[in-house]
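**Student:** okay, sequence plus prediction incoming.
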2 protein chains.
Amino acid sequence: MSLEVSETIADLRAHVAAARSRGLSIALVPTMGALHEGHGRLMERARLEAGLVIVTVFVNPIQFNEAADYSKYPRSLDADLLFCAARGVDLVFAPAIEEMYPRRQHTFVEVGPVADPMEGRFRPGHFRGVATVVAKLFNIVQPDRAYFGEKDAQQLAVIRRMAEDLNFPVTIVEVPTVRESSGLAMSSRNRLLTSQQRGAAGALHEALLAAAHLVSLGESSAAAVKQRGEAVLGRYPEIRPEYFEIVDPADMQPVETIAGPVRIACAAWVGSTRLIDNVLATPAGRQ
Amino acid sequence: MSLEVSETIADLRAHVAAARSRGLSIALVPTMGALHEGHGRLMERARLEAGLVIVTVFVNPIQFNEAADYSKYPRSLDADLLFCAARGVDLVFAPAIEEMYPRRQHTFVEVGPVADPMEGRFRPGHFRGVATVVAKLFNIVQPDRAYFGEKDAQQLAVIRRMAEDLNFPVTIVEVPTVRESSGLAMSSRNRLLTSQQRGAAGALHEALLAAAHLVSLGESSAAAVKQRGEAVLGRYPEIRPEYFEIVDPADMQPVETIAGPVRIACAAWVGSTRLIDNVLATPAGRQ
């Protein structure tokens, strides 16, 4: 089956209905395009698990808290379509803004405490925009399974909570982060880095690994673990850290004492590009 | 087919999936029970238009802004089941609170300006609770059509806006208000009225009709129309009016100059019971 492209909700729904009538299960991989190997893994996993694989490519304006960030976000639809075709995707949904937001959006999905720290603190309104567009996509596609990357761990936690609280009949699938050889997590925003900045950007993963190592050795003080990570970032003058947090993996609330698995997450600016990354860390004897 | 009763989401979904596999369309009639002829009309309309008719009976705690109102809200499940059976309903979904809210609800659907005036103003948080539970029920049942009464006109406008903004694949059907011979709109809350109060409660409809009559004669000043309605209510010492508004029928915003159809809506207390009602009014020559 060759790649189909839908630009309208009606056309997409007709494809989904036809697949349903053939008994196929539906997988949704929501993206903002500028596809990379991280997205590729989501598609491969979806291809294994569903009859019809739908990738959405839509740079969602309501999740950007800064207009400049929205306008400079990388866009490459033609390359994205080739990328999807090569991964065996069945259908790309690439709507115009007017198709998704035919009039001013009044209804928003607010997800509560899981959206408050970290990205929620530094990007006010971001998760409200994410939850709202994902709710829309769930209702447009009505997938059985939806695939999200571990790199955006808080986004994943937000979407899981939304899906449970609102009873969306969809299984949320988490797919591990894909990294470059430097450790840099794959991200569409990496395209905005100079080659020098790209070299320095590996520091985020280095700092996360150093912190996670301390946890694995049995350090139970989140403050000590945080200090260790921040010290690594401090060695790189090109990096301006925004946060470095040790949080509960389910509800994303900062912990003080580490007594089980924790998510270690950070955000940092490299030049005018903001990057995020995270790892899961488990105390000694808890694996 | 005799009436089935589901108390769990899993059981309900199994019934819906079986009906879908037989090619049946699905109708949802969401109620809080204490069923009356107004609900009956919703069911009859649904019966005409769908293959499987599902009535939900759930007194939704998160839409009550006052604990006392929630605790005294009428409940009569056994009678409600007989009522549904007599109307040819296929399935009643009557979940316990723990089934709908297994943990503290963190995710809420906020609908914006349409929810602000009238009920939104006097019952803070009410429409957030309504929109959230209706979103949950839409995701649990995945109906083709959902039926709501015109008596709760602002609720209908809120749900229409939510369904459009979030792309719920459901047709919202509005069913006209059913009235007693006194003009009193049927409502579960009428059960809380003494017979004397019930007599006085017809004043709401009398006031709405007087105001609508003025509109039909060509009065274009909303203030004059409002004054006319309030004057009627003022004749009844048992009635304590809360609001009397002339609003746009789609977005529920108060109008100053009447130049097309308007919704005239009011809320009033009769003893310790709060009643609402509304009519659509059309200026002369606009029918």
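**Tutor:** Thanks, I have it.

**Student:** residue A:17 and chain B, how far apart?
**Tutor:** 10 Å (Cβ to the nearest Cβ, to the nearest Å). (C-beta placed from N, C-alpha, C; glycine too.)

**Student:** cool, residue A:273 as well?
**Tutor:** 31 Å.

**Student:** and that residue, what does it touch?
**Tutor:** The contact partners of residue A:273, taken as Cβ atoms under 8 Å, 6 or more residues apart in numbering or on different chains, are A:189, A:192, A:193, A:197.

**Student:** which among those end up buried?
**Tutor:** A:189, A:192, A:193, A:197 (16 or more other Cβ atoms under 10 Å in any protein chain shown).

**Student:** beta partners of the residue nearest to the second one when sequence neighbours are not counted?
**Tutor:** To tie it back to what came earlier, the one meant is residue A:192. Spatial nearest neighbour of residue A:192, excluding adjacent residues (Cβ to Cβ, 6 or more residues apart in numbering or on different chains): residue A:273 at 4.6 Å. Listed by DSSP bridges, the beta-bridge partners for residue A:273 are residue A:270.

**Student:** Serialize the buried ones among the contacts of residue A:273 to JSON lines and add fields for pLDDT and secondary structure.
**Tutor:** JSON lines is the format used below for the buried ones among the contacts of residue A:273 (pLDDT from 0 to 100; DSSP: H, G, I helix; E, B strand; the rest coil):
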{"residue": "A:189", "pLDDT": "96", "secondary structure": "helix"}
{"residue": "A:192", "pLDDT": "95", "secondary structure": "helix"}
{"residue": "A:193", "pLDDT": "96", "secondary structure": "coil"}
{"residue": "A:197", "pLDDT": "96", "secondary structure": "helix"}
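
**Student:** on that earlier part again, so how far is residue A:189 from the residue nearest to residue A:192?
**Tutor:** Per Cβ to Cβ, to the nearest Å, residue A:273 is found 6 Å from residue A:189.

**Student:** low-confidence regions, the stretch 1-150 of chain A specifically.
**Tutor:** Residues of the stretch 1-150 of chain A that meet the criterion pLDDT under 70 lie in A:1.

**Student:** which parts of it sit against chain B?
**Tutor:** Counting by Cβ under 8 Å from any Cβ of the partner chain, the stretch 1-150 of chain A comes close to chain B at A:9, A:13, A:105-114, A:131-132, A:135-136, A:139-140, A:142.

**Student:** for the stretch 101-250 of chain A, which segments count as helices?
**Tutor:** Shown for the stretch 101-250 of chain A, the helices assigned by DSSP state H, counting those that start in this stretch span residues A:119-122, A:126-141, A:153-165, A:195-201, A:203-216, A:222-234.

**Student:** centre of the chain to the longest one, how far?
**Tutor:** Computed by Cα atoms, centre = their mean, to the nearest Å, the separation of helix A:126-141 from the middle of its chain amounts to 13 Å.

**Student:** can you tell me, leaving aside adjacent residues, what's nearest to the spatially most central residue of chain A?
**Tutor:** Closest residue to the average C-alpha location of chain A: residue A:152 at 3.4 Å, with Cα atoms, centre = their mean. The shortest distance from residue A:152 to any non-neighbouring residue, by Cβ to Cβ, 6+ apart, is to residue A:276 (7.3 Å).

**Student:** rounded mean pLDDT for the helix or strand hosting the one you found, please.
**Tutor:** Using DSSP states H and E, residue A:276 sits in strand A:273-281. For strand A:273-281, mean pLDDT rounds to 98.

**Student:** please name the residues that touch residue A:281.
**Tutor:** A:211, A:212, A:215, A:216, A:225, A:261, A:262, A:263, A:264.

**Student:** against residue A:230, how distant is it?
**Tutor:** Distance from residue A:281 to residue A:230, by Cβ to Cβ: 15 Å.

**Student:** could you do residue A:136 as well?
**Tutor:** 38 Å.

**Student:** the two: who's more crowded?
**Tutor:** residue A:136 (23 against 16; other Cβ atoms under 10 Å in any protein chain shown).

**Student:** pretty sure the more buried one is touching residue B:169, no?
**Tutor:** No - here residue A:136 lies out of contact with residue B:169, judged by Cβ atoms under 8 Å, at a distance of 11.2 Å.

**Student:** for the residue nearest to residue A:107 when sequence neighbours are not counted, give me its contacts.
**Tutor:** Leaving aside its chain neighbours, residue A:107 sits nearest to residue B:165 (3.5 Å; criterion: Cβ to Cβ, 6+ apart). Contacts here follow Cβ under 8 Å, 6+ apart; on that basis residue B:165 touches A:105, A:106, A:107, A:136, B:111.

**Student:** for residue A:180, what are its contacts?
**Tutor:** A:186, A:202.

**Student:** which pLDDT value goes with it?
**Tutor:** 95.

**Student:** any idea how far it is from residue B:211?
**Tutor:** 69 Å.

**Student:** pretty sure residue A:245 is touching residue A:117, no?
**Tutor:** Yes - contact criterion Cβ under 8 Å: residue A:245 and residue A:117 qualify, at 6.6 Å.

**Student:** between these two, what contacts are shared?
**Tutor:** residue A:254.

**Student:** the two: who's more crowded?
**Tutor:** Counted by other Cβ under 10 Å, residue A:245 and residue A:117 do not tie: residue A:245 has more neighbours, with 22 against 18.

**Student:** which SSE is immediately downstream of the host helix or strand of residue A:44?
**Tutor:** For residue A:44, the element it lies in under DSSP H and E is helix A:37-49. As assigned by DSSP H and E, the chain's next helix or strand after helix A:37-49 is strand A:52-57.

**Student:** tell me the angle that following strand makes with helix A:37-49.
**Tutor:** On the basis of axes from the mean of the first three to the mean of the last three Cα atoms, to 10 degrees, strand A:52-57 is oriented at 160 degrees to helix A:37-49.

**Student:** tell me the strands beside strand A:52-57, with direction?
**Tutor:** strand A:26-31 (parallel), strand A:91-93 (parallel).

**Student:** turn these into TSV, including mean neighbour count.
**Tutor:** As requested, the strands paired with strand A:52-57 are exported to TSV (neighbours: other Cβ atoms under 10 Å in any protein chain shown):
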stretch	mean neighbour count
strand A:26-31	26
strand A:91-93	24
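
**Student:** residue contacts, the nearest residue to residue A:161 once chain neighbours are set aside?
**Tutor:** Of all residues not flanking residue A:161 in the chain, residue A:114 sits nearest, at 5.0 Å (Cβ to Cβ, 6+ apart). With contact taken as Cβ under 8 Å, 6+ apart, residue A:114 is in contact with A:154, A:157, A:158, A:161, A:251, A:252, A:253, B:106.

**Student:** the first one: what's it in contact with?
**Tutor:** Shown here is residue A:154, whose contacts under the criterion Cβ under 8 Å, 6+ apart are A:114, A:115, A:117, A:118, A:119, A:120, A:127, A:252, A:265.

**Student:** hmm, residue A:53 is touching residue A:43, no?
**Tutor:** Yes - judged on Cβ under 8 Å, residue A:53 makes contact with residue A:43 at a distance of 6.5 Å.

**Student:** identify the residues contacting whichever strand or helix holds residue A:12?
**Tutor:** Here residue A:12 sits within helix A:9-21, counting by DSSP H and E. Applying Cβ under 8 Å, 6+ apart, the contact partners of helix A:9-21 are A:4, A:6, A:26, A:51-52, A:54, A:90-91, A:93, A:95, A:99, A:140-142, B:167, B:169.

**Student:** ok, the closest residue to residue A:155 other than its chain neighbours - contacts?
**Tutor:** Residue nearest to residue A:155 in three dimensions, not counting chain neighbours: residue A:130, with 5.9 Å by Cβ to Cβ, 6+ apart. Residue A:130 is in contact with A:60, A:63, A:155, A:158, A:159, counting by Cβ under 8 Å, 6+ apart.
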